[in-house]
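> Quick one, what's the 3D model for this:
(one chain, ligands or ions: 1)
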Amino acid sequence: MRLTYKYRLKPTKAQQRQLELTLELCCWVYNETLATRKQAYEQRGASLNYYDTAKLLPEWKAAQPELKQVHSQVLQDVQRRVELAFQAFFRRVKQGEKEVGYPRFKGFGRYDSLTFPQYGDAVRLHDRMLLISKIGEVKVVLHRPLKGEIKTVIVQRQLGKWYACFSVEIEPRPLPVSSERVGIDLGLKTFATLSNGEHIKRQRWMKRDAQDIARLERKKSKLRIGSLQRQQTVLALRHAYARATQRRTNFAHQQSHQLINRYGLLVFEDLDIQQMQANGQKVINRNIADVAWGQFVQYVTYKAAEAGRELVQINPRGTTQSCSGCGKRVPKDLSVRVHDCQHCGLKIDRDLNAAINILTRGITSIGATDRDP
Ligand SMILES: [Zn+2]
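Modelled structure (predicted):
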């Protein structure tokens with residue numbers, strides 16, 4: 001089974017320039033490949049395929065030696081992407097779709113990822129560094145352990161930041177089958193409420209760590225840059241972040257482990273985890289719970305994949321306001337802790353009501369029958 005791990009890259013200024021240049025060169029090859037295929041068709045009625053264009057690469061490199069700064073496998077992948085664009089185009093034409101867009105040229109800055117199709121050759125992970133051919137050793141923020149055999153690596157630029165996406169092959173280690181199912185509501189008062197009424201308590205250190213960090217950040221901002229006091233505060237801050245990360249990681253491991261062992265189907269609200277990761281350090285300051293949720297769901301997700309458990313993420317809209325007993329809308333603001341339905345008389349904890357709705361929505365979305373364990 002394939003899984004993707006995404007990590008932040010921290011290239012130096014020089015590496016960043018080289019990466020930018022590489023993307024622009026790939027963009028050029030993309031457009032040139034597209035133009036060549038288009039011309040061949042318009043002038044000679046010939047359909048070129050991937051192999052026809054791959055043969056042209058040495059010629060292009062001779063005419064434009066800059067291209068030698070890009071690993072050949074990466075350039076081949078660029079041409080493969082053109083091939084895929086054409087295949088998608090022809091498939092849609094064949095299916096009789098109207099107004100099918102012909103593959104388009106990419107504008108400056110619109111080409112933003114490099115694919116290394118073979119791990120180990122042009123790209124290799126070594127001790128928190130990603131060795132990228134023609135770029136150098138780039139620092140990787142390994143915020144969680146990478147497991148499995150790495151197959152391909154994509155280096156990606158996103159909103160000015162750089163990331164490495166590792167596609168890995170993992171051996172599923174199935175657990176004994178479980179027909180138990182659970183809906184999980186993530187909350188501020190209780191960390192998680194399960195649809196069977198159980199809770200995962202909010203940890204006291206979550207608030208304490210957030211307060212420590214906020215206090216140190218405030219202190220730092222008032223101190224003069226370069227002063228000894230500021231340096232000491234920066235160091236203290238770094239420790240506070242590390243402590244918070246460590247506690248959060250342990251917590252996520254333990255809790256996800258227990259859930260995965262027990263349940264065969266797990267349903268969560270869809271949190272925008274990617275977003276949280278991108279802003280990881282800033283969010284921790286505002287609300288450590290956000291980060292803790294994100295990490296927790298992420299751990300459950302990869303452990304579920306490893307163990308062959310089913311995991312569903314549903315659109316959380318309305319899960320708090322609908323009655324889990326009769327489906328009618330029971331509006332309530334954040335301060336109302338009890339779900340009290342005037343329609344069917346159901347009176348239960350607000351988060352429990354949401355958790356049951358989450359489970360129901362998850363079961364519906366996968367089309368499973370409502371069999372009792
Ligand atoms: Zn009701």
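
> Leu21 against Gln69, yeah?
Yes. With contact defined as C-beta atoms under 8 Å, Leu21 reaches Gln69; the gap is 6.9 Å. Yep, even glycine has a C-beta here, placed from its N, CA and C like the rest.

> Which one's more surrounded, the two?
Using other C-beta atoms under 10 Å, the more surrounded residue of Leu21 and Gln69 is Leu21, with 15 against 12.

> pLDDT averaged over stretch 183-191, what's the number?
Average pLDDT, stretch 183-191: 87.

> what distance separates the start and the end of it?
With C-alpha to C-alpha, to the nearest Å applied, stretch 183-191 spans 14 Å between its terminal residues.

> ok, now which ones touch Pro103?
34, 82, 85-86, 89 (C-beta atoms under 8 Å, 6 or more residues apart in numbering).

> same thing with Trp205?
244, 247.

> The same query, at a cut-off of 6 Å, please.
By C-beta atoms under 6 Å, 6 or more residues apart in numbering, the contact list for Trp205 reads Arg247.

> Out of the contacts of Pro103, which is nearest to Met1?
Ala85 (27.6 Å; C-beta to C-beta).

> show me what contacts that closest one?
Pro103.

> Return the distance of it relative to Ala252.
39 Å (C-beta to C-beta, to the nearest Å).

> Give me the spatial nearest neighbour of Gly345, chain neighbours excluded.
Spatial nearest neighbour of Gly345, chain neighbours left out: Gly325 (7.9 Å); criterion: C-beta to C-beta, 6 or more residues apart in numbering.

> Would you check that that neighbour makes contact with Leu346?
Yes. Proximity of Gly325 to Leu346 meets the contact threshold set by C-beta atoms under 6 Å, at 3.6 Å.

> packing partners for the top helix by length along the chain?
If you go by DSSP state H, the chain has its longest helix at helix 228-262. Applying 3 or more C-beta pairs under 6 Å, 6 or more residues apart in numbering; DSSP states H and E, we find helix 228-262 packed against helix 204-222, helix 288-307.

> how distant is that helix from the center of its chain?
How far helix 228-262 lies from its chain's middle: 20 Å, per C-alpha atoms, centre = their mean, to the nearest Å.

> Pull up the residues of the chain that are close to the ion.
Remark: the part of the chain in contact with the ion comprises 323, 325-326, 341, 343-344, 346, using C-beta under 5 Å from the ion.

> just the buried members of the residues you listed?
Listed as buried from the residues of the chain next to the ion are 323, 325, 341, 346; burial here means 16 or more other C-beta atoms under 10 Å.

> where exactly do the strands run in the stretch 101-250 of the chain?
113-116, 123-126, 129-132, 136-141, 149-158, 161-169, 181-186, 192-194, 199-200 (DSSP state E, counting those that start in this stretch).

> on that earlier part again, using PyMOL, define a selection of the buried residues within the contacts of Pro103.
Provided next is the PyMOL selection string for whichever of these are buried by 16+ other C-beta under 10 Å:
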select buried, resi 34+82+85+86
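
> mind showing which ranges of the stretch 201-350 of the chain have poor pLDDT?
272-290 (pLDDT under 70).

> excluding its backbone neighbours, what's nearest Leu23?
Nearest one to Leu23, counting by C-beta to C-beta, 6+ apart, is Tyr111 at 5.4 Å.

> List the contacts of the closest residue to the ion within the stretch 101-250 of the chain.
Closest residue of the stretch 101-250 of the chain to the ion, C-beta to the ion: Ser195 (16.0 Å). By C-beta under 6 Å, 6+ apart, the contact set of Ser195 is 182-183, 355-356, 359.

> now do Thr193
Thr193 neighbours (C-beta under 6 Å, 6+ apart): 185, 199, 351-352, 355.

> Could you measure from it over to Lys332?
Distance from Thr193 to Lys332, by C-beta to C-beta: 15 Å.

> Now Ile213: closest residue in space, sequence neighbours ignored.
Ala240 (5.1 Å).

> still on that earlier bit, looking at the strands of the stretch 101-250 of the chain, which is nearest to Glu310?
Across the strands of the stretch 101-250 of the chain, closest to Glu310 is strand 181-186 (C-beta to C-beta), at 8.7 Å.

> From the contacts of Pro103, which shows the smallest pLDDT?
Phe89 (89).

> mind checking how far it is from the ion?
51 Å (C-beta to the ion, to the nearest Å).

> Likewise for Leu265?
From Leu265 over to the ion the distance is 24 Å, taken as C-beta to the ion.

> What's opposite that residue in the beta bridge?
Applying DSSP bridges to Leu265 gives these bridge partners: Arg181, Glu310.

> Next up, the contacts around Ile366.
So Ile366 contacts Val312 (C-beta under 6 Å, 6+ apart).

> For the ion, see how far away it is.
24 Å.

> any idea how far Gly264 is from that residue?
Counting by C-beta to C-beta, the gap from Ile366 to Gly264 is 12 Å.

> again with Leu19
With C-beta to C-beta as the criterion, Leu19 and Gly264 are 43 Å apart.

> And Arg8, by the same measure?
Distance from Arg8 to Gly264, by C-beta to C-beta: 33 Å.

> With Leu235 instead?
47 Å.

> Many thanks, have a good one.
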